[in-house]
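>>> how would this look folded up:
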Amino acid sequence: MNIGPGTVAALDIELQDLWGNVLQKTEEPLLYLHGGAEGLLPALEQALAGRAEGDRLEVRLEPEDAFGDYDETLLRVEPRGKFPESVAVGMQFEGIPGEAGDETIYTVTDVADDAVVLDGNHPLAGMALKFLIHVASVRPATADEIERGSAADAGSLLLRILP
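Residues are numbered from 1 along each chain as shown. Next up is the predicted model:
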């Protein structure tokens, strides 16, 4: 069976930067519904179309096809008082505390005595990436998966568009 609409593929994926440094690697195959609402990056899904169990491929994506270009306007310096006392580098916030309407996921990149530096870019924004993919299996999607718009593997967020 080949990957196409109405199929679920189990993928072993190693994500590398262009110098071959491993950024992420699946420990168990990632399940994804081809054409599903919660699918892979569109460029990866396109590269996988028509592939079969056992196929191996290497896909290089430029930032615009992966997680976008780095946008300096998504950097924010906010007063320390807006954040909990326990704020630390690496913490994430949806929006800026005390400001309504911003659904951006911000990552704390620096904490000073009077300010917190936030970055609203995806952690892989601005990077060209290499995906080494092994198609472990392909099967028909269940009616439940098709209705839900995603494969049974709800915990796999490795390559989803949102961080």
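>>> who's in contact with the closest residue in space to residue 91 that isn't next to it in sequence?
If the residues on either side of it in the chain are set aside, residue 91 comes closest to residue 108, at 4.7 Å by CB to CB, 6 or more residues apart in numbering. Every C-beta, even on glycine, is put in place using the N, C-alpha and C of the backbone. Contact partners of residue 108, counting by CB atoms under 8 Å, 6 or more residues apart in numbering, are 83, 87-93, 116-118.
>>> go on, residue 83?
Residue 83 makes contacts with 93, 97, 108, 116, as judged by CB under 8 Å, 6+ apart.
>>> got a winner among those for most neighbours?
residue 116 (25 neighbours; other CB atoms under 10 Å).
>>> so that residue: helix, strand or coil?
strand (DSSP: H, G, I helix; E, B strand; the rest coil).
>>> just residue 136 next, same as before
Classified using three-state DSSP, residue 136 is strand.
>>> burial count for it?
Counted with other CB under 10 Å, residue 136 comes out at 17.
>>> list the contacts of it.
Counted by CB under 8 Å, 6+ apart, residue 136 has contacts 9-12, 29, 53.
>>> any of the residues you listed buried? List them.
With burial judged by 16 or more other CB atoms under 10 Å, the buried subset of the contacts of residue 136 is 9-12, 29.
>>> okay, and which of the residues you listed map to strands?
Secondary structure from DSSP state E places 9-12 of the buried ones among the contacts of residue 136 in strands.
>>> tell me the two of these that are most distant?
Greatest spatial distance among those (CB to CB): 9 and 12, at 10.6 Å.
>>> does residue 32 really touch residue 11, like I thought?
Yes: assessed by CB atoms under 8 Å, residue 32 is found in contact with residue 11 at 6.8 Å.
>>> with adjacent residues omitted, what lies nearest to residue 114?
Nearest in space to residue 114, with sequence neighbours left out and distances taken as CB to CB, 6+ apart, is residue 80 at 5.2 Å.
>>> just the contacts of residue 108 now: which is nearest residue 150?
Using CB to CB, those come closest to residue 150 at residue 92, 22.2 Å.
>>> quick one: distance of the host helix or strand of residue 144 to the chain centre.
Element membership of residue 144, judged by DSSP states H and E, is helix 143-148. The chain centroid and the centroid of helix 143-148 are separated by 22 Å under CA atoms, centre = their mean, to the nearest Å.
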